[in-house]
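Q: Model the structure of this input:
(2 chains)
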Amino acid sequence: MIEVRLLGAINRPGIVQVDESLTFKQLLEEHGGGMQRKYPRPVVMQVGGPLGPIVRGSRINDRLRDHAPQIRTARMVAFFGERFCPVDFLVFLTRFLVREAGIDTPHVRAVHRTVGDIAGGRSDRTALERLRDLAAAGGALSHGERRMNATLDDLMDIFGDDFAEHVEARYCHFGVCRILFHHNAPCSNTCPSNMNVPGYIELIKHDRLEDAYTLMKQDNPLSFVCGKVCPAPCETRCRQGDISGVSVAIRQLKRYIADDRVASSTEYYEDRLPARDQRVAVVGGGPAGVSAAFYLAKTGYPVHIYEAQDRLGGMLAYGIPAYRLGNHDIEAELAFLGKMGVTVHLGTRVGEDIPLSRLRAENDAVLLATGRWVGRKMGPVSLQIESAAEFLWAVKQGERASVPEKVVVIGGGAVAMDCAMTVPRLGGHATLVSLEQRAEMLVPEYEVEEAVEDGVELLNGWSVKEFVSEGDRLRKLVLERCVRVFDDEFRFAPEFDPDERMEIEADLVISAVGQDADLGYLDDDIALDERRRLVLDSAFRTSVDGVFAAGDIKAPGLVISAVGEGKRAAMSIDLYLGGSGVHFGRSIEVPESRLDPRIWDFPREQAAKLSAEERVRGFAEVESTFSYDQAHAEAKRCMRCDRNSVQELHLRTFPGKEGMGAWT
Amino acid sequence: MSEAGDRELLEKQFQELLAAEKAHLPALSAPPKRRRPEPPKLVREAVVRDLEGRVRRLAEEHVFRHGRRLAGMRETLQARIAEVAKELEATPYETEQAKWLVYKQHMLEQADETSIHRWDNDVSKIYKLSPPNAGKSITDNNPYVNLLDIEEFDVASEVYPYFDVPATWDPELYGKFFTTMHGEVTGDPQAFLPQIMRDRQRMKEEALGGRIPPVSEQKETDLAKLKQEIREYARSLGFPTLGVTKLDRRYTAESADAELPYDTLILLPHEMPLDEFKKIPTDNPLMAFTSYRDGGQAVHKVADFIRSKGYRCLARVSSDGAIKYAPHAVNAGMGNYSTFGICIFPEVGTRTKVTGILIDAELPLDRPRDWNIEEFCSRCRSCQKTCPAGAIPRDERRFRGTLKRQTYHQRCFEYMATSYECNLCTRICPFSVLGYEQCMRALPQYYRYNIHRDEVDFARLREPAQPEVAE
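A: Here you go, the predicted model:
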């Protein structure tokens, strides 16, 4: 038996007596109470205190015994979660060495300077080479320095891509390196479109909603739509939420601003740079295409959008149920496009009505933003098995007004949830079958609760094994218990227990297990990879000159991700066409008012919602917008992280006392 | 207390204080002999040397022996030096040279490892020596105090006079101002001030040698045990934590040197109850005064307790500013600097008024340490964003040899004086309201290593590694 201190992002930190033959996994689950939040596995473990080796989370089945020498020198085992930033860790570690351990040597200082440069956004590629050299440094070093080198080495191996991201994109996707944050704020940093969240929240306080809307549009032309449907990744990284446990209702505040503007102003003014003569064609009028078209049009380019359907919006218009987002909302928000010199060709399917090659010949640049429209189907070919994309499309078009009594939805994501919640509104009973446990589903918990209230039955941890038909009629599904979805290495590798089975009746099955991109319209010279995906670089360029692509076409994502990609693709296209930068709109000065000193005491405002009975009666919008008072009360909860200083913390020197134990 | 009575009391106090200070002027011990540095070549070396000798005698008579502010002394000295200079037909430049040599020589002779020099604004307009400064080496080696230039810091007291004293500090107005304010807010003009003044008065009297309660003959010889006993007793009186460090006289008011005869300082932050504290700013803007009042009474009790254990000690109440508590608390490892300059304690955040006890015993000292507060604050800065006076700076800057966020006290006091106190910077601090543990959860988990730093074998880490053994 040995005594170790367990720490990290676990539920029960503390000192425990354990046997050395335990694995990390046993240690974590039996003694540490498992990981906090939604993440079942640690990203990395560290054995033997801050200077111990860093072990990949995938080695969770290693035994403690294998790492015993480290444990004997510092009796600690740490399990770190998704907020482990290797760069910030090294900044911490070097400061710890100098100040707490008293090891203030030129070597430690050199590592501190280098990682400080990376965390402070002042580095280039050479910084990584320098770090590698430093990690390999020999000579007369102390144990502490040697350990630091080994830790540094481990980190560079495990987090190579993340170091590169810090250096090249000056971005910390962990949301830890505060100096690299977009708009200085963790919420903006996390937003895939990097919206200036603290800025527009501040403008609410001053009732400057038009300016707030303009500010939002600098980063997201679909702010109104996002105010209604965005799952708000920003709120998971809200500093107020980190500290008090309850984040600011960012999405609702955005919706408050956009609602006001869209409702009140018919003449919304969009400024533009002088017209240019290079033409840009955008294939697909979904979020990515519209976003790119918006910024290109603002910059002066004549833009043509080619949309196969009868209205703009893409999946927003055809894939999101009306109780979350009505088509009039999309129209209201996209009304500006016509005024900005964007020509929209509705009902024009590129590849059928007009070949892509012609667009390429007639335009100086083409952006492909056709998304993923082909729903994957499970089971046999049957009229009773539909893909989620087909189902939602038909419902929103009004072509489907009823469902049979027993509907089974297969899938554990947002689309599956949309389908499941649509069913009761059409008079059916929905059963949702997902591999994932409830807490693992890729849907915010409040939405799951809402679904249950609407009468959706959840069967979590089950997989469809067999479709049982009588004649050509589907009758039943045979389910098999899914023991776990991901293996210890985080890969999707579901495991089943064949002994535990159940049968459920089904009149209709909706398969919401993913959607694919239809790339049939692409010209032959546009390269695809071995898995028949589009080849794209970080600047959204395809293998062909002048052809760009953004949005779901490469990989599925959120609306806000598509918007962000559209924005960045527009920047890339502008650069390609020799432009001098995309025009995001007139600059808005954000005032600085005082924070309310009771900021931690205010509860989060809750928007009014329809009750479950009212909800399932039809497709009325479930959630309301904040009232004036609610918006002002909620805006007070924002900490205005964007006002934080971007200076690094000072690490003092001890002139004439460098070396071991300078001051201890 | 009537207005006139108030004034009378203050005037009496002031006179008593002055008399007591005069009676307690410390005599400087004989300076150690050092080799006299060669003076630079001057225009008329003989005259300068002659003048230097005579200025030295005058200065010793008038300044150095006392080493402190005394009314009218400066004029007398200047007049005498002018007489002598005239007698010797020295030019003004030569006179200044001679004076400089005297002062510098004196400074060097007095200095040793622990000395600091203070700017004497009143008498000589030049550096003068402070008493021996036991806490200097702690601050100088504290990694959580950003000293950039120790020599520059040595010559500048952290506590410096206000260029314009706020009107409310005028002795004529002081009592009336506070009684009026307290009356308006609480309905009772005497809600706080009499008790606060009584405790201050007792502190001053004891510090200047009068009416100290008897010290027990029975000495507790185990000082670690004594410290633990003080800790437990203090906890029962509303002091959740305690720290021991040496007094660094760069952080004390020069005029209070006579009141601070011992060098070991026990820091006792008095906790404001959370539910009361949350009434700031609207329901109870004067919350801070309850802590001045209750903490002042409690610290005297702790001092009495220490005397009962056989040690001489002097209590310092929190409403008195002679000792800057924040740097001492950081030196004692009780917390780290906040964005607005005071110390954040893990136990209470900034929801506290710090009191202290000077003790005539070598209690075991606490060491500075990292509580991750600096890191947390860099991602919060709520106090800076709520300050109505704009007195908390966004960035740190160089100030008197240090790198710090220096609060603009002029703006702060002006606002406080006109707005029923303020306390918003302490009120918004999440360490005060939500607690240390909750704040730490907002940092990446590896910062926890600082909290468990005692479990890391630093001695082993500092040993040189064998070159061939790569771990």
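Q: How about the most centrally placed residue in chain A, nearest residue that isn't a chain neighbour?
A: Computing the C-alpha centroid of chain A and ranking residues by Cα atoms, centre = their mean puts residue A:233 first, at 5.7 Å. Using Cβ to Cβ, 6 or more residues apart in numbering or on different chains and skipping the chain neighbours, the partner closest in space to residue A:233 is residue A:190 (5.3 Å). Quick note: C-beta positions are derived from backbone N, CA and C, even for glycine.
Q: From the contact counts, what lies against the host helix or strand of residue A:203?
A: Assessed by DSSP states H and E, residue A:203 sits inside helix A:197-205. Applying 3 or more Cβ pairs under 8 Å, 6 or more residues apart in numbering or on different chains; DSSP states H and E, we find helix A:197-205 packed against helix A:186-190, helix A:209-217, helix A:250-264, helix A:628-635.
Q: what's the most buried one of those helices?
A: Sort the helices and strands packed on helix A:197-205 by mean neighbour count, taking mean count of other Cβ atoms under 10 Å in any protein chain shown, and helix A:186-190 sits at the top with a mean of 25.
Q: Centre of the chain to that one, how far?
A: Centroid separation between helix A:186-190 and its chain, computed with Cα atoms, centre = their mean, to the nearest Å, is 11 Å.
Q: Could you do stretch B:280-287 as well?
A: 27 Å.
Q: That stretch: end-to-end distance?
A: Terminal residues of stretch B:280-287 are spaced 7 Å apart (Cα to Cα, to the nearest Å).
Q: outside of that stretch, which residues touch it?
A: A:597, B:181-182, B:185-186, B:191-192, B:272, B:276-277, B:279, B:288, B:420-424, B:426-427 (Cβ atoms under 8 Å, 6 or more residues apart in numbering or on different chains).
Q: what's near enough to touch residue 332?
A: Using chain A here. A:224, A:262.
Q: Not quite, go with chain B.
A: B:243, B:244, B:245, B:267, B:365, B:366, B:368.
Q: how deep is residue B:465 tucked in, by neighbour count?
A: For residue B:465, the count of nearby residues is 18 (other Cβ atoms under 10 Å in any protein chain shown).
Q: Residue A:560 is in contact with residue A:191, correct?
A: Yes. Applying Cβ atoms under 8 Å, one finds residue A:191 in contact with residue A:560, separated by 6.5 Å.
Q: now the strands for the stretch 1-150 of chain A?
A: For the stretch 1-150 of chain A, the strands defined by DSSP state E, counting those that start in this stretch occupy A:2-8, A:14-18, A:44-47, A:54-56, A:76-80, A:103-104.
Q: all helices of the stretch 301-450 of chain A, in order?
A: A:315-318, A:327-334, A:336-339, A:356-362, A:388-396, A:414-425, A:445-453 (DSSP state H, counting those that start in this stretch).
Q: Can you give the distance of stretch B:368-388 from its chain's centre?
A: For stretch B:368-388, the distance to the chain centre is 22 Å (Cα atoms, centre = their mean).
Q: Give the rounded mean pLDDT of that stretch.
A: Here stretch B:368-388 scores 94 as its mean pLDDT.
Q: That stretch and chain A, any residue contact?
A: Yes. Stretch B:368-388 is in contact with chain A by Cβ under 8 Å from any Cβ of the partner chain, via B:369-370, B:374-375, B:378-382, B:384-388.
Q: Output the below-cut-off pLDDT ranges for chain B.
A: Low-confidence segments of chain B (pLDDT under 70): B:1-7, B:10, B:14, B:17-18, B:20-43, B:62-74, B:103-131, B:155-170, B:467-471.
Q: before we move on, what about the stretch 451-600 of chain A?
A: For the stretch 451-600 of chain A (pLDDT under 70), the answer is none.
Q: can you list the residues of it near chain B?
A: Residues of the stretch 451-600 of chain A found near chain B (Cβ under 8 Å from any Cβ) are A:592, A:594, A:595, A:596, A:597, A:598, A:599, A:600.
Q: Which positions in the stretch 201-350 of chain B make contact with chain A?
A: B:278, B:280, B:281.
Q: of all those, which comes closest to residue A:199?
A: Closest approach to residue A:199 among those (Cβ to Cβ): residue B:281, at 26.7 Å.
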